[in-house]
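Q: with the input below, show me the fold.
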Amino acid sequence: MSFGQSDAPTESPPFPGVDPSEWNSLLERGQIAGVLDAEDITHVLRTVELTGDVLEGVQQAVAARNIRIDEAVDMQSTTRRRTASCDPSYLPLRMPMA
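A: Numbers count the residues shown, from 1 in each chain. The predicted model follows:
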């Protein structure tokens, strides 16, 4: 086995338009950690319309591998991503001076 390769079998993503290598990498990370961040999942599914059926299919696919989905939002990393991407909708919050 080479560095960066896994013994885990590769499988086709459950939805057309999802990159197979990204999907399998996501599943591999989830199996190692036991949990996947919802933002990582939506990134892999960025080319797919996130309908109820798609979300249910993802939940079933990860649950079948005993992987939990963490839906908590990390505000610090979200702020860093928005700032780093120069998102014009990003407005830093200022605390009132006491």
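Q: tell me which element the closest residue to Leu50 other than its chain neighbours falls in.
A: Distances taken as C-beta to C-beta, 6 or more residues apart in numbering place Thr42 nearest to Leu50, at 7.0 Å, with adjacent residues excluded. The C-beta positions use only the backbone N, C-alpha and C, and glycine is treated the same way. Per DSSP states H and E, Thr42 falls inside helix 38-44.
Q: packing partners for that helix?
A: Other helices and strands packing on helix 38-44, by 3 or more C-beta pairs under 8 Å, 6 or more residues apart in numbering; DSSP states H and E, are helix 20-33, strand 68-70.
Q: partner strands of the shortest one, with direction?
A: Right, strand 68-70. strand 35-37 (parallel) (DSSP bridges).
Q: buried residues in the partner strand?
A: Applying a neighbour-count criterion of 16 or more other C-beta atoms under 10 Å, one finds 36-37 buried in strand 35-37.
Q: related to what we said a few turns ago, what are the contacting residues of the helix or strand that the helix holding Thr42 is followed by?
A: Counting by DSSP H and E, the element after helix 38-44 in chain order, helix or strand, is helix 52-63. For helix 52-63, the surrounding residues in contact (C-beta atoms under 8 Å, 6 or more residues apart in numbering) are 14-15, 27, 30, 36, 41, 45, 48, 68-69.
Q: got a list of what the closest residue to Gln31 other than its chain neighbours touches?
A: In this structure, Gln31 finds its nearest non-sequential neighbour in Arg65, 5.7 Å apart by C-beta to C-beta, 6+ apart. Neighbouring residues of Arg65 by C-beta under 8 Å, 6+ apart: 27, 30-31.
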